[in-house]
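A.B. asks: mind looking at a prediction? Sequence and model below.
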2 protein chains.
Amino acid sequence: MTDTRRRRVPRPVREQQIIDAAIRVFAKRGYHAASVEEIAELAGVSKPMVYLYLDSKEGLFLACLRRETERLVTALRAAAGPAHGPELRLRAGLLAFFTFVAEHRDSWVVLHRQAAELSPAIAAELARTRRAVVTEVSGLVRADDAADAAPACPDDEADFVTYTLVGAADSLTDWMTLHPEEPPERITLRLMNMVWVGMRNVLDGEVWTTPGREP
Amino acid sequence: MTDTRRRRVPRPVREQQIIDAAIRVFAKRGYHAASVEEIAELAGVSKPMVYLYLDSKEGLFLACLRRETERLVTALRAAAGPAHGPELRLRAGLLAFFTFVAEHRDSWVVLHRQAAELSPAIAAELARTRRAVVTEVSGLVRADDAADAAPACPDDEADFVTYTLVGAADSLTDWMTLHPEEPPERITLRLMNMVWVGMRNVLDGEVWTTPGREP
DNA sequence: ACGTAAACTTACCCGCCAGTAACGTTACGG
DNA sequence: CCGTAACGTTACTGGCGGGTAAGTTTACGT
């Protein structure tokens, strides 16, 4: 790619190459098992360069986290913004999500699948970025009420729905890899189909007790 | 607990104590960041004992995995078995799951949140245990059709629903920790409320195209 | 052209931790 | 009451990997 003859590359470009490499390695090995050496090699550079540009392994991970969160949030906003009506809005958001994951599997792994094993500083940042994604989805969920007059649904209920959606979508990410032929559109469609009706019930606080057998 | 005066403890008991300690530490630190030293100390024993009884760090992790998978699957089967009808059956399964997680947070973390960062042998075993859980849930989902005459739903659709449910439930696990006062029963209720209706649509292959705005 | 800063390297240090060797100690069976 | 096997320990090694000091090369500005 680009000019193969020139080895020397300006800093901003190298930084991105290093982050690219880091995301792949972090996704494959996990934070602790990933070695800076391997990342450097994949980026076509030696280890001290990584430390010069990104300070530390932790700093490198944070850089990955920030860049990819930015990308995902941007994609979500871009998709949901122009949609008319709550239903199409949510659909657009989900579609944007599945499309993002389909195109950047590694990013999603780094962003979302690193629950344990990290230093306080990283854990804090990770919590923040997850919160950002949840907030974005939460916005989609709450879009209903904005249309209605009543601010009917309490935050807890909206939160519940959001967690359910994010978890379901995350898990379907695995399903996608088992069905590579399925386009994000169909997955989105099925998920909408599955949750759209029930969402309303929960958001309106309609928690009935278990029905007694057959109606 | 038990007899505090006796220090010497028979092997089967120690093994369980070590596994108990390992689950807590693995959950807190993640596989790589966890040190065998810390696990041994928490189990009230010195490091070589761990290697004597469980062979290696990998063997120790596998032992944790197997024991807790066993427990979860047992809980699911015990709950879903005696329930009458598909709806109550699924409800019972979900309730059993949330109850299990509420009582064994660490177990669930070890079982489910260790995607990356493990050796091939562990990864294989982890895949097997996840498969076991998914199969169990899949049974709950498919329970519908068993009642009906037609084996109507193709495996893909049932799989899709299963992944959605497992993912949603997993994510709600986090929601639980933010709302410690919510009993598993209410969480189960809300989730049922949210997905039960839509499940039918997807299982029956009713994937409509996006509705054009307002009906 | 040539000096200088930015890009890059080699070669090292050092702490941490999985895994082990060799050696004490308690209980329980005969 | 004593032997022996099960229970347990202290004290090491070996290597991997994060982090760095010191030096080398290339491009770009003037």
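C.D. replies: Arrived safely.
A.B. asks: show me what the lowest-mean-pLDDT helix or strand in chain A packs onto, helices and strands only.
C.D. replies: Taking mean pLDDT, DSSP states H and E as the measure, chain A has helix A:120-147 as its least confident helix or strand, at a mean of 74. In terms of contacts (3 or more Cβ pairs under 8 Å, 6 or more residues apart in numbering or on different chains; DSSP states H and E), helix A:120-147 is packed against helix A:57-80, helix A:86-103, helix A:105-112, helix A:155-178, helix A:184-203. (Glycine included, C-beta is placed from N, CA and C.)
A.B. asks: tell me the angle the shortest one makes with helix A:120-147.
C.D. replies: Spelled out, that is helix A:105-112. 100 degrees (axes from the mean of the first three to the mean of the last three Cα atoms, to 10 degrees).
A.B. asks: is any residue of helix A:105-112 near chain B?
C.D. replies: Yes. Judged by Cβ under 8 Å from any Cβ of the partner chain, helix A:105-112 and chain B are in contact via A:Val109.
A.B. asks: and that helix, what's its mean pLDDT?
C.D. replies: Mean pLDDT, computed over helix A:105-112, is 81.
A.B. asks: distance between it and the chain's centre?
C.D. replies: 7 Å (Cα atoms, centre = their mean, to the nearest Å).
A.B. asks: what is it packed up against?
C.D. replies: helix A:11-29, helix A:57-80, helix A:86-103, helix A:120-147, helix A:155-178.
A.B. asks: report the inter-axis angle for the third one versus helix A:184-203.
C.D. replies: Put simply, helix A:86-103 runs at 130 degrees to helix A:184-203, going by the same axes, to 10 degrees.
A.B. asks: and for the first one?
C.D. replies: Relative orientation of helix A:11-29 versus helix A:184-203 (the same axes, to 10 degrees): 70 degrees.
A.B. asks: need the residues that contact the next helix or strand after helix A:11-29.
C.D. replies: Counting by DSSP states H and E, the element after helix A:11-29 in chain order, helix or strand, is helix A:36-42. Residues from elsewhere that reach helix A:36-42 (Cβ atoms under 8 Å, 6 or more residues apart in numbering or on different chains): A:18, A:21-22, A:24-25, A:29, A:46-47, A:49-51, A:57, A:60.
A.B. asks: how far does the least confident helix or strand of chain A sit from the chain's center?
C.D. replies: For helix A:120-147, the distance to the chain centre is 10 Å (Cα atoms, centre = their mean).
A.B. asks: buried residues in it?
C.D. replies: By neighbour count on 16 or more other Cβ atoms under 10 Å in any protein chain shown, the buried set for helix A:120-147 is A:122, A:125-126, A:129-130, A:133-134, A:136-145.
A.B. asks: does that helix reach DNA strand D?
C.D. replies: No. Using Cβ under 7 Å from any atom of the strand, helix A:120-147 stays clear of DNA strand D, coming no nearer than 11.4 Å.
A.B. asks: circling back to that earlier point, comparing the helices and strands packed on helix A:105-112 by mean pLDDT, which bottoms out?
C.D. replies: Looking at the helices and strands packed on helix A:105-112, the bottom one is helix A:120-147 with a mean of 74.
A.B. asks: what's the angle from that one to helix A:155-178?
C.D. replies: 110 degrees.
A.B. asks: find the residue at the geometric middle of chain A.
C.D. replies: The centroid of chain A falls nearest to A:Trp108 when counting by Cα atoms, centre = their mean (5.3 Å).
A.B. asks: for it, which non-adjacent residue is closest in space?
C.D. replies: With Cβ to Cβ, 6 or more residues apart in numbering or on different chains as the criterion, A:Trp108 has its nearest non-adjacent residue at 4.8 Å, and that residue is A:Val101.
A.B. asks: my guess is that neighbour meets A:Met176, correct?
C.D. replies: Yes. Using Cβ atoms under 8 Å, A:Val101 is in contact with A:Met176, at 7.0 Å.
A.B. asks: quick one: which of those two has more around it?
C.D. replies: Neighbour count, other Cβ atoms under 10 Å in any protein chain shown: between A:Val101 and A:Met176, A:Val101 has more, with 23 against 18.
A.B. asks: quick one, what contacts that one?
C.D. replies: With Cβ under 8 Å, 6+ apart, A:Val101 has these contacts: A:108, A:173, A:176.
A.B. asks: thinking the first one is in contact with A:Thr173, fair?
C.D. replies: This means A:Trp108. Yes. With contact defined as Cβ under 8 Å, A:Trp108 reaches A:Thr173; the gap is 6.5 Å.
A.B. asks: which of the contacts of A:Val101 are close to DNA strand C?
C.D. replies: Counting by Cβ under 7 Å from any atom of the strand, no member of the contacts of A:Val101 reaches DNA strand C.
A.B. asks: between those, which is nearest chain B?
C.D. replies: Minimum distance to chain B across the contacts of A:Val101 is 8.3 Å, recorded for A:Thr173 (Cβ to the nearest Cβ).
A.B. asks: next, count neighbours for the closest one.
C.D. replies: 21.
A.B. asks: you'd agree it is up against A:Asp106?
C.D. replies: No. Counting by Cβ under 8 Å, A:Asp106 is not a contact partner of A:Thr173; they are 11.9 Å apart.
A.B. asks: now do the shared contacts for these two.
C.D. replies: Joint contacts of A:Thr173 and A:Asp106 (Cβ under 8 Å, 6+ apart) do not exist.
A.B. asks: what residues does chain A put near DNA strand C?
C.D. replies: Residues of chain A lying near DNA strand C (Cβ under 7 Å from any atom of the strand): A:7-11, A:14, A:45-49, A:52.
A.B. asks: out of those, name the ones that lie in helices.
C.D. replies: A:11, A:14, A:47-49, A:52 (DSSP state H).
A.B. asks: for chain A, which residue gets nearest to DNA strand C?
C.D. replies: Nearest to DNA strand C, among the residues of chain A, is A:Ser46, at 3.0 Å (Cβ to the nearest atom of the strand).
A.B. asks: could you report the pLDDT at the nearest residue in space to that residue that is not next to it in sequence?
C.D. replies: In space, and not counting its chain neighbours, A:Ser46 is closest to A:Ala40: 5.8 Å by Cβ to Cβ, 6+ apart. What the model reports for A:Ala40 is a pLDDT of 98.
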